[in-house]
Structure formats: C-alpha cells, structure tokens
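K.L.:
Dropping a prediction and its sequence here:
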Amino acid sequence: GAGVSQSPRYKVAKRGQDVALRCDPISGHVSLFWYQQALGQGPEFLTYFQNEAQLDKSGLPSDRFFAERPEGSVSTLKIQRTQQEDSAVYLCASRPGFSYNEQFFGPGTRLTVL
Amino acid sequence: GDSVTQMEGPVTLSEEAFLTINCTYTATGYPSLFWYVQYPGEGLQLLLKATKADDKGSNKGFEATYRKETTSFHLEKGSVQVSDSAVYFCALSPTQGGSEKLVFGKGTKLTVNP
C-alpha cells in the first residue's frame, strides 16, 4: 500500500525566501509528526498533530517555523525567511492512532538554503 | 529530559562478523524502545521494537532486548551481510500508548565489506 509521501524531495532556497513542505500521511492515520534531521545527526522532533489539532509544537526552533494540518490529513510545514541553519532533511511520519506507537516515515525533503 | 545515547560510529565489519551497537537511554516511566534503519538513499524504516522490560525485539536476524536495570537496548546480529550497510538509530517513545514524539540517538553508520 501507499506509504507516507513528501514533496518536494529536494528544495533549494535563497536565504530569506519562504518555503512550504508537504506531507501526505498514510490514509486514515490519526497522528502526524514532523522531524528535522541535520547532516550526520538523528532526527529531532518539531511538532505533532492529532487529526487537525496541533498538540505539541515544542520542537519548532523559532517563530519562523509554522505547521498546519487543516483537514486532519495533508500537512504543510512552512519556514519563513529561511536561514542557512535551516538546511536539513525534514521528515514526516504518521501513526495509526493513540495506542499504536510505531511511526511510519516518509522519504524526507532535503532543504538547502544558500 | 529523555535522551538516547548510542555508540559512536562509523563501524566497519567484514561479512559474517558479529555486530553489536550499544544504546542506552534516560527516561521517566516506561518508554517503548526502537531501532530504526536508514539505507543509503532511503527513508527511515522500523527495524524492531520492544515495549516493556525484558521484551526482545527481532527482525531480519537482528535482535535487541529491553533491559530496564541497565537502561539499555543494544542491537546485535550474529552474521552481518553487505546489504546490512546502513545507518542505525536507537530511539525511545516516552510513554506507552498515546505517546508523542520519538527521541533519537545520533545514529551509527555501519559498513560491511565483502
């Protein structure tokens, strides 16, 4: 079956530009997560949705980062006024429900800020 | 806060060698523990998991046992193959059921030579 998909797979932005990264979770999955993976590091949590509600955004590094999931399915991570330190792979993961703790990851979007 | 520490890489082995990648954790309560694998050019995939103390997770010849007394979840394989070359991440989920983010270690890169 279809897994988690993310688009674009690669994004190059000039410093100061805004970017939007899309995540399509597995159909029917209630929970959705965003992670940031810097080169040579493990993924770090950014934010978590349960359906359309954003229940945890404690990992967002600054107010330039914004995420939404308006209909409880597709999610968008937006980064305003990108900086070089935002360069990373952004991973999306989904999970069927509250009592199921395995997360299914997408291939990621590699963002490079020049 | 919760954290995961895994052995520094890179690790280079010959085919059929024995593999151990150490992982220890710090967490309150009773976290679930995971090993994820990232093959070259691919996304994160769950390799195995354990949800309570003394559980053993296993998959594709890999094993890991949840040791609460030593707060460890070491990954082992008796005979590695070239196809096992990948980056391995140890991770925890802070609570069982209804858990939110995954907390990852920094990853260990394994290279298996023929």
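P.N.:
Nice, I can see it. Because the structure is predicted, anything quoted here is derived from the model rather than measured.
K.L.:
Residue 14: what's its closest spatial neighbour, skipping adjacent residues?
P.N.:
In the absence of a named chain, chain A is used. Leaving aside its sequence neighbours, A:K14 sits nearest to A:L114 (CB to CB, 6 or more residues apart in numbering or on different chains; 5.5 Å). C-beta here means a position set from N, CA and C on the backbone, and glycine is covered the same way.
K.L.:
please go with chain B instead
P.N.:
With CB to CB, 6+ apart, the residue lying closest to B:S14 is B:N113, at 5.6 Å.
K.L.:
what's that neighbour in contact with, if anything?
P.N.:
Taking CB atoms under 8 Å, 6 or more residues apart in numbering or on different chains, we find B:N113 in contact with B:12-15, B:82.
K.L.:
picking up where we left off before, my guess is the residue nearest to A:K14 meets A:Q17, correct?
P.N.:
No. Using CB atoms under 8 Å, A:L114 is not in contact with A:Q17, being 9.5 Å away.
K.L.:
neighbour count winner among the two?
P.N.:
Between A:L114 and A:Q17, A:Q17 has the larger neighbour count (other CB atoms under 10 Å in any protein chain shown), namely 14 against 10.
K.L.:
and that one, what does it touch?
P.N.:
For A:Q17, the contact set (CB under 8 Å, 6+ apart) comprises A:81-82.
K.L.:
so is it in a helix, a strand, or just coil?
P.N.:
With DSSP: H, G, I helix; E, B strand; the rest coil as the basis, A:Q17 sits in coil.
K.L.:
So, low pLDDT: which residues of chain A?
P.N.:
Under the criterion pLDDT under 70, the flagged ranges of chain A are A:1, A:98-101.
K.L.:
So which residues on it come close to chain B?
P.N.:
A:4, A:33, A:35, A:40-45, A:48, A:55-56, A:59, A:91, A:93, A:98-99, A:101-108 (CB under 8 Å from any CB of the partner chain).
K.L.:
Could you check how far the spatially most central residue of chain B is from B:E76?
P.N.:
In chain B, the centroid-proximal residue (CA atoms, centre = their mean) is B:W35; its distance is 3.2 Å. Going from B:W35 to B:E76 by CB to CB, to the nearest Å gives 10 Å.
K.L.:
Find the residues that touch each one of these two.
P.N.:
Taking CB under 8 Å, 6+ apart as the criterion, B:W35 and B:E76 both touch B:62, B:64.
K.L.:
Neighbours of the residue nearest to B:T51 when sequence neighbours are not counted, how many?
P.N.:
Nearest residue to B:T51 in three dimensions, chain neighbours excluded: B:S32, at 4.6 Å (CB to CB, 6+ apart). For B:S32, the tally of surrounding residues (other CB under 10 Å) stands at 23.
K.L.:
Then the one 5 residues further on?
P.N.:
Counted with other CB under 10 Å, the burial measure for B:V37 works out to 21 neighbours.
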